[in-house]
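>>> let's see this in three dimensions:
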Amino acid sequence: MPISSEELGPHLKRGIAPLYTVYGDEPLLIIEAADRIRASARERGYGEREVLIAEQHFDWSRLRASGLSQSLFASQRLLELRIPNGKPGVEGGKALQEYSAQLPSDTVTLIQLPEIDWRARKSSWFGALEAAGTMVEAAAVKLEQLPKWIAGRLRLQQQSADEATLEFIAGKVEGNLLAAFQEVQKLALLFPPGALAFEQVKDAVLDVARFDVFDLGALVLAGDAARLARTLDGLDGEGVAPQLVLWAMSEEIRIAGRLLAAMSSGQPVQQALRDLRIWGPRQNLLQKHINRLTQKQVEAALLHAARIDRISKGLAKGDVWDELLQLGLRFTGRPAKSARAA
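As a prediction, this is how the structure comes out:
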């Protein structure tokens, strides 16, 4: 079983394993986990460090050679292998299995991967890494878990805040973990250890939300009306082209429509998801929310999207950002009274 990135610290206090595989969809937590492993290795005398980056056309014999070579300058070393796309391929998969089966002595190996989908987790190479070492999952912190995460980070710097203050910080960073991390660090610089008053935090924390157009699909599928409205408002304020926003929302609506059509023909949802090649977070969202959507709803939304496209090109009258919000609200089950017929 993998341990979480938050569990890694206590784990390393008990000892260091010969192999760590760090993976997940939260870059900040991956970076922190890797830093903890490096620091723990240095403390234990692993003074030499070698880094391999398995990008396109990487020669996997280099991993084999590194495993066989002896340290030149120290009796113990840290060997890092980074696989940016998370796909070692056939040759890389075989090399990882061979390496895992015979780990080099006096070496701590750190392998870094991005988020791994369910197929890769069932692969032979991933299973070999799991059997030979310690898996560390740097999973994204969900929005509802963010106040608790912030509280934990405040504790590390001997500070605390009440629930309302934690919720305030979480709301300001809009689910952006790196922004939350930076704000917590700023509070350590501004205030001494102890309890933080709401007014102190309110004056210190900036509105650091970063609005990503590619978050819109998840918000549409989840029917999160409040975050959808905030995100659209933020994208408008940042000058994002409404055509790009429309594309991101429409793509998720079309995917939901294709899934509904497959299910209406009698396909089980799992088979339909596989056939449509829907994986990862999108798969989880669709599984959770598809039953509250209808084909009629999808068709009406696509007609509405076509009208918004005309508005964005100046071929029809209307407020394009208001119409984008109404389009999203069709999928919350609570369309606004001002929504216009598509």
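>>> can you list the weak-confidence ranges in the stretch 201-342 of the chain?
206-211, 280, 332-342 (pLDDT under 70).
>>> which stretches of it form helices?
Remark: helices assigned in the stretch 201-342 of the chain by DSSP state H, counting those that start in this stretch are 216-222, 225-237, 242-264, 269-275, 280-289, 295-312, 320-329.
>>> quick check: which of those is nearest to Pro192?
Smallest distance to Pro192 across the helices of the stretch 201-342 of the chain (CB to CB): 33.1 Å, for helix 225-237. C-beta here means a position set from N, CA and C on the backbone, and glycine is covered the same way.
>>> quick one: list the elements packing against that closest one.
helix 216-222, helix 242-264, helix 320-329 (3 or more CB pairs under 8 Å, 6 or more residues apart in numbering; DSSP states H and E).
>>> compare these and give me the one nearest Glu167.
That would be, of the helices and strands packed on helix 225-237 and by CB to CB, helix 216-222, which comes in at 19.4 Å.
>>> tell me the phi and psi of Ala316?
phi -150, psi 160 (degrees, to the nearest 10).
>>> could you find the closest non-adjacent residue to it?
Distance criterion CB to CB, 6 or more residues apart in numbering; nearest residue to Ala316, sequence neighbours excluded, is Arg310 at 4.1 Å.
>>> now render the helices of the stretch 201-342 of the chain as TSV, adding mean neighbour count and distance to Ile111.
Shown next, in TSV, are the helices of the stretch 201-342 of the chain (neighbours: other CB atoms under 10 Å; distance: least, CB to CB, whole Å):
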stretch	mean neighbour count	distance to Ile111
helix 216-222	21	28
helix 225-237	17	34
helix 242-264	18	32
helix 269-275	15	28
helix 280-289	16	20
helix 295-312	17	42
helix 320-329	21	39
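>>> got TSV for those, with distance to Leu78 too?
What follows is those, written out as TSV (distance: least, CB to CB, whole Å):
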stretch	distance to Leu78
helix 216-222	37
helix 225-237	41
helix 242-264	41
helix 269-275	39
helix 280-289	31
helix 295-312	51
helix 320-329	47
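>>> tell me which of these lies nearest to Gln112.
helix 280-289 (18.6 Å).
>>> sorry, back to before: relative to Arg274, which of the helices and strands packed on helix 225-237 is closest?
With CB to CB, the closest approach to Arg274 among the helices and strands packed on helix 225-237 belongs to helix 242-264: 10.3 Å.
>>> ok, Thr294 touching Leu260?
Yes: Thr294 lies in contact with Leu260 (CB atoms under 8 Å); the separation is 7.2 Å.
>>> any idea how far Asp59 lies from Ala95?
Counting by CB to CB, to the nearest Å, the separation of Asp59 from Ala95 is 10 Å.
>>> what about these two, which has more around it?
Ala95 (23 against 12; other CB atoms under 10 Å).
>>> surely that one meets Arg62?
No: contact criterion CB under 8 Å: Ala95 and Arg62 do not qualify, at 9.1 Å.
>>> contact partners for the closest residue to Glu137 other than its chain neighbours?
Setting aside the residues directly before and after it, Glu137 is nearest to Pro2 in space (CB to CB, 6+ apart), at 4.4 Å. Pro2 makes contact with Glu130, Met135, Val136, Glu137 under the criterion CB atoms under 8 Å, 6 or more residues apart in numbering.
>>> which residues sit in contact with the closest residue to Lys288 other than its chain neighbours?
Using CB to CB, 6+ apart and skipping residues adjacent in sequence, the residue nearest Lys288 is Ala222, 7.8 Å away. By CB under 8 Å, 6+ apart, the contact set of Ala222 is Leu285, Lys288, His289.
>>> surely the first one meets Leu219?
Think Leu285. No: proximity of Leu285 to Leu219 does not meet the contact threshold set by CB under 8 Å, at 9.7 Å.
>>> what lies in contact with stretch 64-80?
34, 37-38, 41-42, 44-52, 95, 98-99, 102-104, 106-112.
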